[in-house]
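Peer 1: structure of the sequence below:
(one chain, ligands or ions: 1)
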Amino acid sequence: MLAHIARRIGHFHGHQISSAILRRMRASLKTINPISLQDFSQPNPSWSPEMRKFYDHYNAQCDTDTETYENKTGPWRKLPSYNRSIKHATGGIYISKLIQAKARLFTRSVNEQGATFEYVAFFNKEEKICICLFQPGHLLEGAPGHVHGGAIATMIDTVTGTLAGYLSGPSVTANLNINYRSPVPLGSVVIIHCALDRIEGRKTFITCKVTSTDESKVYTEATVLFVSIKLGSLFG
Ligand SMILES: CCCCCCCCCCCCCC(=O)SCCNC(=O)CCNC(=O)[C@H](O)C(C)(C)COP(=O)(O)OP(=O)(O)OC[C@H]1O[C@@H](n2cnc3c(N)ncnc32)[C@H](O)[C@@H]1OP(=O)(O)O
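Peer 2: Just a heads-up that it's a prediction; the model follows:
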């Protein structure tokens with residue numbers, strides 16, 4: 001049953017699942033109420049003034065007002081960040097209650113604000129780029145006082161994966177190459193810049209650079225390959 005629903009679900013932005021399937025999912029979920037969809041990339045008290053300043057900078061240049069949803073003119077779109085990636089798919093909020101209900105997106109699995117991954121991403125559809133403001137918390141230590149390389153890789157995978165998702169639909173990471181150029185201090189704010197390199201059939205190639213907010217310092221560089229999949233294939 002679950003595999004059947006999952007196979008039929010499918011799609012990121014712009015694709016509707018049939019109302020018959022939605023009705024069936026709702027019927028099997030009628031004990032779950034209310035269903036909430038929280039955006040974890042909204043500003044919170046743990047954000048430093050620098051994080052807030054750059055958030056305001058990009059938010060002011062968005063095509064939609066984050067609070068009122070009114071249309072504006074601007075090249076950027078602030079992307080929501082949910083605690084399961086399936087919630088980004090149409091109808092995913094329902095399927096998230098059916099499959100591994102306790103599962104959480106790794107970067108959104110710790111509730112203490114500011115302790116791990118504080119981040120917000122903006123997407124520029126015209127230029128096929130994505131930037132992410134990232135404030136790594138004290139629980140992400142690798143070298144003393146600095147961010148663990150695995151945490152940096154996680155953020156690169158997450159932001160490039162988000163860009164691949166918006167450009168090519170459901171995809172998984174097939175290859176991730178990283179050069180760590182300079183250690184990232186815990187509690188600092190860095191910008192993760194991601195850009196589409198090219199799309200070849202099912203393959204989406206993305207480049208990524210992690211810099212200081214004034215972009216004078218390059219911390220990390222990466223290239224990532226995503227391969228498009230049918231979402232249902234993940235559920236057997
Ligand atoms: C709207 C969106 C919002 C999203 C928000 C979400 C936020 C969270 C985001 C979180 C993001 C987290 C994301 C995560 O953490 S995803 C989790 C980590 N990734 C995985 O677990 C993936 C595991 N691997 C696989 O499932 C398969 O191997 C895949 C599906 C990748 C390919 O197996 P499949 O049988 O389907 O296809 P194929 O083998 O015919 O290959 C197809 C093509 O690809 C080329 N190829 C394959 N592998 C490699 C390689 N290593 N280097 C270079 N090339 C490679 C291959 O040569 C071929 O090319 P060509 O011969 O056609 O030219």
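Peer 1: so is stretch 87-101 next to the ligand?
Peer 2: Yes - Stretch 87-101 is in contact with the ligand by C-beta under 6 Å from any ligand atom, via His88. Backbone N, C-alpha and C define where each C-beta goes, glycine included.
Peer 1: spell out which parts of this protein neighbour the ligand.
Peer 2: 12-13, 85, 88, 157-158, 161-162, 165-166, 172-175, 201-203, 225, 227, 229.
Peer 1: make a ChimeraX selection of the buried ones in the residues you listed.
Peer 2: Selection of buried members from those for ChimeraX, criterion 16 or more other C-beta atoms under 10 Å:
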select :12,85,88,157,158,161,162,165,166,173,203,225
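Peer 1: ok, the residue nearest to Lys125 when sequence neighbours are not counted - contacts?
Peer 2: Leaving aside its sequence neighbours, Lys125 sits nearest to Arg77 (C-beta to C-beta, 6 or more residues apart in numbering; 6.9 Å). Taking C-beta atoms under 8 Å, 6 or more residues apart in numbering, we find Arg77 in contact with 62-64, 122-125.
Peer 1: ok, what's across the strand from Arg77?
Peer 2: Phe123 (DSSP bridges).
Peer 1: where does Tyr58 land in three-state SS?
Peer 2: helix (DSSP: H, G, I helix; E, B strand; the rest coil).
Peer 1: which ones are touching it?
Peer 2: Taking C-beta under 8 Å, 6+ apart, one finds 76, 78, 122, 131, 133 in contact with Tyr58.
Peer 1: can you give me the first-to-last residue distance of stretch 141-148?
Peer 2: This stretch, stretch 141-148, spans 5 Å end to end (C-alpha to C-alpha, to the nearest Å).
Peer 1: tell me which residues in that stretch are buried?
Peer 2: 142, 146-148.
Peer 1: name the nearest of the residues you listed relative to Ser96.
Peer 2: For Ser96, the nearest member of the buried residues of stretch 141-148 is His148. The distance, counting by C-beta to C-beta, is 27.7 Å.
Peer 1: separation between the closest one and Val110?
Peer 2: Distance, His148 to Val110, by C-beta to C-beta, to the nearest Å: 14 Å.
Peer 1: over to Val184?
Peer 2: 18 Å.
Peer 1: and what of Glu70?
Peer 2: Relative to Val110, and taking C-beta to C-beta, Glu70 is found at 33 Å.
Peer 1: for the buried residues of stretch 141-148, which one is nearest the ligand?
Peer 2: Nearest to the ligand among the buried residues of stretch 141-148, counting by C-beta to the nearest ligand atom, is His148 at 16.7 Å.
Peer 1: how near is the closest one to Glu50?
Peer 2: For His148, the distance to Glu50 - C-beta to C-beta - is 21 Å.
Peer 1: want to throw the buried residues of stretch 141-148 into JSON lines with secondary structure?
Peer 2: Below are those laid out as JSON lines (three-state DSSP):
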{"residue": "Gly142", "secondary structure": "coil"}
{"residue": "His146", "secondary structure": "strand"}
{"residue": "Val147", "secondary structure": "strand"}
{"residue": "His148", "secondary structure": "coil"}
